[in-house]
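Undergrad: take this sequence and fold it.
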Amino acid sequence: MKILVWMTVASSLLAIVGCNIGAKYTVGGTLTGLTGQGLVLQDNSGNDLGLASNGAFVFTDSSKDGDAYSVTVKTQPSTPSQTCTVQNGSGTIGKANVTNVLVSCTQVGRFAYVANQLSNNLSAYAINSTTGALSSVSGSPFAATGTTPAALAVDPNGLYLYVANNGSNNVSVYSIDDTSGTLAATGIPAATGSGPVAVAVDPTGSFLYVANLASNSVSAYTIDSGNGTLTELSNSPFAVGAEPSSLKVSSNGNFLYVTNFSDGNITVLAIDSATGSLSGIPGSPFAAGAGALSIAIDPTGRYAYVANETAATISLYSINASTGALTAISGSPLATVTSPESLAVDPAGRYVYAANVTAKNLLATFSITPSSGALTLSGTPVAAGTFPISLVLDPSGQFAYVANDDSNDVSAYTVNATSGVLTSVNSAVAAGNAPRAITID
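TA: Numbers count the residues shown, from 1 in each chain. You can find the predicted model right below:
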């Protein structure tokens with residue numbers, strides 16, 4: 001009997017082991033922003049995959065546990081011409097399918113949107129792809145569906161505009177007409193915490209986050225891929241520091257960075273890729289300067305920069321790609337003379353642009369030292385309007401735009417491809433009353 005039992009157990013073990021020998025796993029992820037044709041991805045310089053639409057993708061060939069994978073763009077899309085980049089593209093198979101490769105495609109910005117706090121509406125502009133000049137979209141400005149719109153974000157596919165309404169404590173959703181740029185309210189605004197002032201969408205377009213200044217929290221939502229509407233996570237909101245003022249999702253989609261204005265620090269939260277839920281990382285929060293107001297992260301995910309309004313400095317950090325932790329760079333903080341209001345990094349990761357630095361109502365360009373992340377002032381700062389409060393670059397890096405809160409207008413600039421220096425594009429265009437935020441589709 002004992003012999004028979006052992007033989008039965010041994011046979012079962014062999015069967016289990018046999019089932020796992022030679023197991024195959026797939027490599028895939030999410031594609032966003034594609035509007036052109038002819039995109040081809042490649043894994044390990046041999047397994048090609050042509051893609052024609054946004055969403056989930058999987059390479060047809062499979063790999064064994066322990067195999068290396070490396071996803072690259074073999075052929076960029078055309079008609080229109082686009083540049084697609086890969087995040088989380090390389091690694092080693094670890095007894096599971098790889099599902100977190102992120103491929104995002106961009107082109108010259110098509111439309112610019114501005115939240116006007118005091119006139120309670122949204123200005124919309126078409127972007128001239130050659131000059132960068134702005135012209136009003138038909139029907140602009142569009143009425144806000146909430147009160148005191150204060151922050152904006154466009155989803156990675158350019159389908160929806162999300163607006164955080166500071167006065168009514170909610171976030172609105174608008175569909176974007178792909179041809180004209182006109183806006184149409186979609187669904188009922190989703191409730192937030194108290195005093196929302198910032199909004200961010202993750203790189204896959206699956207989750208949305210809102211910083212609630214008055215309730216010291218971040219609200220989190222899943223995004224319906226069919227209509228862009230929001231559903232708040234059951235464990236939302238998540239506690240952060242005092243007066244969270246800005247948000248930034250890391251380029252690999254793994255971490256959310258939150259600047260806390262009153263605390264002068266940065267909360268770093270890990271993002272659950274399956275649910276969008278947030279959890280603190282070891283060492284968080286990380287020290288910044290007084291009045292931490294705006295954060296920018298370079299596209300490679302190596303460096304982060306924080307504008308400290310009260311301290312009149314910019315804090316510089318290196319980022320641990322695995323943990324999301326921040327480490328101050330030598331020379332940080334960098335004195336800016338006047339109070340920085342907004343920061344942006346160009347898509348190539350070569351320059352940081354800062355609004356309201358070196359003197360009031362100026363925009364400055366800082367070159368990034370690739371090996372260290374240190375900043376050096378580049379060229380002569382250029383004039384903006386009165387109180388430039390929100391700065392953004394178009395996805396191609398050819399143009400820059402700033403919303404001027406006190407002069408009620410938007411300034412436009414071309415970006416020198418060699419030096420990164422800004423040159424004004426004609427005169428500023430009129431916005432609504434107290435334009436607080438600007439974003440590009």
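Undergrad: how close does Gly94 get to Gly50?
TA: 27 Å (CB to CB, to the nearest Å). Where you see a C-beta, it was placed from the backbone N, CA and C, and this is true even at glycine.
Undergrad: neighbour count for those two, which is higher?
TA: Between Gly94 and Gly50, counting by other CB atoms under 10 Å, Gly50 is the more crowded of the two (12 against 9).
Undergrad: other SSEs contacting whichever helix or strand the more buried one is part of?
TA: Using DSSP states H and E, Gly50 maps to strand 47-51. Strand 47-51 sits against strand 39-43, with contacts defined as 3 or more CB pairs under 8 Å, 6 or more residues apart in numbering; DSSP states H and E.
Undergrad: quick check: buried residues in the strand it packs on?
TA: Within strand 39-43, the residues that count as buried by 16 or more other CB atoms under 10 Å are 39, 41-43.
Undergrad: hey, which helix or strand in the chain has the poorest pLDDT?
TA: helix 2-20 (a mean of 40; mean pLDDT, DSSP states H and E).
Undergrad: contacts for the helix or strand that it is followed by?
TA: Using DSSP H and E, the helix or strand that follows helix 2-20 in sequence is strand 24-25. By CB atoms under 8 Å, 6 or more residues apart in numbering, the surrounding residues in contact with strand 24-25 are 62-65, 93, 95-98.
Undergrad: in the stretch 251-400 of the chain, where is pLDDT below threshold?
TA: Within the stretch 251-400 of the chain, not a single segment meets pLDDT under 70.
Undergrad: ok, the nearest residue to Arg436 once chain neighbours are set aside - contacts?
TA: Leaving out its chain neighbours, the residue that sits closest to Arg436 by CB to CB, 6 or more residues apart in numbering is Gln117, at 4.6 Å. Applying CB under 8 Å, 6+ apart, we find Gln117 in contact with 148-150, 166, 433-436.
Undergrad: want to throw those residues into a markdown table with distance to Gly253, secondary structure and pLDDT?
TA: Formatted as a markdown table, the contacts of Gln117 follow (distance: CB to CB, whole Å; DSSP: H, G, I helix; E, B strand; the rest coil; pLDDT from 0 to 100):
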| residue | distance to Gly253 | secondary structure | pLDDT |
| --- | --- | --- | --- |
| Thr148 | 30 | coil | 98 |
| Pro149 | 26 | strand | 98 |
| Ala150 | 25 | strand | 98 |
| Asn166 | 27 | coil | 98 |
| Asn433 | 36 | coil | 98 |
| Ala434 | 33 | coil | 97 |
| Pro435 | 29 | strand | 98 |
| Arg436 | 26 | strand | 97 |
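Undergrad: what subset of those residues is buried?
TA: Using 16+ other CB under 10 Å, the buried members of the contacts of Gln117 are 148-150, 166, 434-436.
Undergrad: could you list the low-pLDDT ranges of the stretch 1-150 of the chain?
TA: Checking the stretch 1-150 of the chain against pLDDT under 70 turns up 1-22.
Undergrad: can we see that at 50?
TA: Residue ranges of the stretch 1-150 of the chain with pLDDT under 50: 1-21.
Undergrad: hang on, Lys64 packs against Lys95?
TA: No: checked against CB atoms under 8 Å, the pair Lys64 and Lys95 is beyond contact range at 9.7 Å.
Undergrad: which neighbours do these two share?
TA: 23, 25.
Undergrad: check which helix or strand covers Ser318.
TA: Going by DSSP H and E, Ser318 is part of strand 313-319.
Undergrad: who touches that strand?
TA: Against strand 313-319 from outside (CB under 8 Å, 6+ apart): 250, 286, 288-289, 292, 297, 301-308, 325-329, 331-336, 340, 343, 352, 354, 357, 366, 373-375.
Undergrad: one more pass at 7 Å, please.
TA: Strand 313-319 has contacts (CB atoms under 7 Å, 6 or more residues apart in numbering) with 288-289, 301-308, 326-329, 331-336, 340, 354, 373-375.
Undergrad: what subset of those is buried?
TA: 288-289, 301-308, 326, 329, 332-334, 336, 340, 354, 373-375.
Undergrad: out of those residues, which are inside strands?
TA: 303-308, 326, 334, 354, 375 (DSSP state E).
Undergrad: pull the most distant pair out of those residues.
TA: The span of these, defined through CB to CB, is set by Leu326 and Ala354 at 18.7 Å.
Undergrad: leaving out the residues flanking it, which one is nearest to Gly195?
TA: Ala214 (3.2 Å).
Undergrad: now for that neighbour, how many residues are close by?
TA: With other CB under 10 Å as criterion, Ala214 counts 14.
Undergrad: can I get the ones in strands among the buried ones among the contacts of strand 313-319 in TSV including distance to Ser245?
TA: Putting those into TSV (distance: CB to CB, whole Å) gives the following:
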residue	distance to Ser245
Tyr303	20
Ala304	15
Tyr305	15
Val306	10
Ala307	10
Asn308	11
Leu326	17
Leu334	19
Ala354	16
Leu375	21
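Undergrad: which residues touch the residue nearest the centre of the chain?
TA: The centroid of the chain falls nearest to Val249 when counting by CA atoms, centre = their mean (5.1 Å). For Val249, the contact set (CB under 7 Å, 6+ apart) comprises 200, 202-203, 256.
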